[in-house]
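> pasting the sequence and the predicted model now:
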Amino acid sequence: MADPLYEFEMDAGSHAYRIEVLTARNGRRYLKVTDYPLEKDGVRLDHGVLLFPEYASRFWWGLTQAMARLAGDDSDRIRDAMPPDPIRAGLPWTEGEDARLRLAYSQGIAIKCIAAMLQRNEGGIESRLKRLGLIR
């Protein structure tokens, strides 16, 4: 594994947390958040979350919403805030996306779930399904 492009570590009671920006084998950068609990029987198990750029803005939105609530802000401003548009919203569709859309729709997966999976708006999913002749 290559050296991190960025790293930050902090202690938090019985855990330590590390945030790193790394480069995947294919050259794509990603964020890794790792939780290191105290050692148990001489073994230190880590639990990590990997996050690629196309999901970062929605992850950050969710994190900021959670942080506001953690701080006691339950105002309508926070509760009614909308997440940012999905990263692929408005971009041209690829053949691979069309194939995943066809498969997911044929398996009865809800449009809301397909939208999250493909990083598109629900309206974009419905429009594409119409264009592909899968719905009217």
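Received, thanks.
> confidence score at D80?
Looking at D80, its pLDDT stands at 53.
> just C113 next, same as before
The model's pLDDT for C113 equals 77.
> tell me which helix or strand the residue lying closest to it once chain neighbours are set aside sits in.
Excluding its sequence neighbours, the residue lying closest to C113 (CB to CB, 6 or more residues apart in numbering) is A104, at 7.6 Å. The way it works is simple: take the backbone N, C-alpha and C, and place the C-beta from them, glycine included. A104 is part of helix 95-106 when elements are defined by DSSP states H and E.
> and the next element down the chain from that helix?
Next along from helix 95-106, by DSSP H and E: helix 111-118.
> who are the packing partners of that following helix?
In this structure, helix 111-118 makes packing contacts with helix 95-106, helix 122-131, judged by 3 or more CB pairs under 8 Å, 6 or more residues apart in numbering; DSSP states H and E.
> which of those helices is buried the deepest?
Mean neighbour count (mean count of other CB atoms under 10 Å) peaks for helix 122-131 among the helices and strands packed on helix 111-118, with a mean of 16.
> show me what that one is packed up against.
So helix 122-131, by 3+ CB pairs under 8 Å, 6+ apart, packs with helix 95-106, helix 111-118.
> need the residues that contact the shortest one.
In this structure, residues lying in contact with helix 111-118 by CB atoms under 8 Å, 6 or more residues apart in numbering are 86, 88, 97, 100-101, 104-105, 109, 120-122, 124-126, 129.
> and which of those residues is nearest A12?
Nearest to A12 among those, counting by CB to CB, is P86 at 31.6 Å.
> name the element the closest one belongs to?
Judged by DSSP H and E, P86 forms part of no helix or strand.
> all set, thanks.
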